[in-house]
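Novice: All I have is the shape, not the residue letters:
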Ligand SMILES: [Zn+2]
């Protein structure tokens, strides 16, 4: 891994200032009815996720009458007026979620300016972008205008929200960088597969529009190895690696079976990878005109357990690129393991209901939580003070706990001093005389 240097504009303070600048540009539908800045509502909710509070109400209970929190919200998040829990929900419910995408772009621009993006460079200057869907709200009673609905046999209904996410991953990095979210809408279809296919198409075209110059290699699961989706990817000038299964693609697997495929065996850390490939194979009988490059990996673990994986790509496969392509293909899991699971199990309360609203609140909360996660990931990647604080606390959940306690107790003027104080706590004593220095 290349060495990292601290970059001033990648500090939490600078990042949050850039995020705030983008959020200030969001159209405020209630502007005429209030003089309360929408940005303060958005940044307060972002602070709630940054500090990993369990609910808006708990956050409100803490900041009401607490001078330290108000001071810290101003110095660390730029919040001038802290809105009430109810008011914050009302305001955020009106915001069109897509407008929050620019804040993710602001973070990516900061990483580019800080010259840290090359850490994620993959084959031929591409960035691997893993894309997948996940659910973040489910209820049998609470619902809004945008909830997806499921009808049950007994006549009852349940309601849920899901979103598609696109995240930059790298085989050698545990850090991931969320790029884009796309809520799955009621009109995307009645089945999980329809929903993912339709929202994924929308996500890919928005992603390309927002990052016209970025060389992206999209990695997706086997749901997407179909003709129309591959045509969409190619029309948007994406490179791709997609899982493929014999079911539904028999012609391709027969073709490969009947050919003398080039192959290579790689041994790494006790594992054996038997790799084989074939360029320019017709995708299937319904799309013989779509030519793809097929590759396979048979992995044998140190204990002798065998697993077989197969993919298609439009990147030319050679003896030099095959091993890297396989590693890239398998880093697709980082969207599950390093993103969704982290949000669910590392203190972010991902599946918790932070407020549902009548229109957009649920999606806005999803966006803001992912944004808080992105800021944390960037800190973990390149902020030495954050890294020191995390090392001291050992686990992320412990760090979030400590941050909440300190936020509540001390007047803090910068993120650097905040993290440094957690890393090397000052000796404090309550009562007359303080610490006996003798
Ligand atoms: Zn809803």
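Specialist: All right, it came through fine. Small disclaimer: the values here were computed from a predicted structure and weren't measured.
Novice: Tell me the confidence at residue 429?
Specialist: Note on residue 429: pLDDT of 79.
Novice: Count the residues that sit near it.
Specialist: 9 (other Cβ atoms under 10 Å). For glycine as for every other residue, the C-beta is placed from the backbone atoms N, C-alpha and C.
Novice: Please confirm that it is located within a strand.
Specialist: No. According to DSSP: H, G, I helix; E, B strand; the rest coil, the state of residue 429 is coil, so it is not within a strand.
Novice: measure the residue nearest the centre of the chain to the ion for me?
Specialist: When the chain is reduced to its mean C-alpha position, the nearest residue by Cα atoms, centre = their mean turns out to be residue 178, at 3.4 Å. Noted for residue 178: a distance of 22 Å to the ion, by Cβ to the ion, to the nearest Å.
Novice: Let me know the secondary structure of that residue.
Specialist: The local conformation at residue 178, judged by three-state DSSP, is strand.
Novice: what's near enough to touch it?
Specialist: Residue 178 is in contact with 104, 165-168, 339, 370-371, 373-374, 377, counting by Cβ atoms under 8 Å, 6 or more residues apart in numbering.
Novice: switch to 10 Å and redo it
Specialist: For residue 178, the contacting residues are 104, 107-108, 165-168, 335, 339, 343, 367, 370-371, 373-374, 377, by Cβ atoms under 10 Å, 6 or more residues apart in numbering.
Novice: Whichever strand or helix holds residue 334 packs against which elements?
Specialist: In this structure, residue 334 is located in helix 334 according to DSSP states H and E. The helices and strands touching helix 334, judged by 3 or more Cβ pairs under 10 Å, 6 or more residues apart in numbering; DSSP states H and E, are strand 157-169.
Novice: So which elements touch the strand it packs on?
Specialist: Taking 3+ Cβ pairs under 10 Å, 6+ apart as the contact definition, the neighbouring helices and strands of strand 157-169 are helix 101-113, strand 127-139, strand 148-151, strand 177-183, helix 192-210, strand 216-220, helix 334, helix 361-382.
Novice: ranking these by mean pLDDT, which is last?
Specialist: The weakest mean pLDDT among these belongs to strand 148-151, with a mean of 84.
Novice: Could you tell me which strands sit next to it in the sheet, and their orientation?
Specialist: Strand 148-151 sits in its sheet next to strand 157-169 (antiparallel), going by DSSP bridges.
Novice: Flag every buried residue along the partner strand.
Specialist: For strand 157-169, the neighbour count (16 or more other Cβ atoms under 10 Å) marks 159-169 as buried.
Novice: If we check the ion, which of those residues are in contact?
Specialist: Taking Cβ under 5 Å from the ion, there is no overlap between the buried residues of strand 157-169 and the neighbourhood of the ion.
Novice: from the residues you listed, which is closest to residue 113?
Specialist: For the buried residues of strand 157-169, the residue nearest residue 113 by Cβ to Cβ is residue 168; the value is 15.9 Å.
Novice: What sits closest to the closest one if chain neighbours are left out?
Specialist: Among residues not flanking residue 168 along the chain, residue 177 sits closest, at 4.1 Å (Cβ to Cβ, 6 or more residues apart in numbering).
Novice: what about the one you found, how many neighbours?
Specialist: By the criterion of other Cβ under 10 Å, residue 177 has 26 neighbours.
Novice: Surely it touches residue 165?
Specialist: No. Here residue 177 does not reach residue 165: they are 11.1 Å apart, not a contact under Cβ atoms under 10 Å.
Novice: Need the residues touching each of these two.
Specialist: Jointly contacting residue 177 and residue 165 under the rule Cβ under 10 Å, 6+ apart are 129, 339.
Novice: No more questions from me, cheers.
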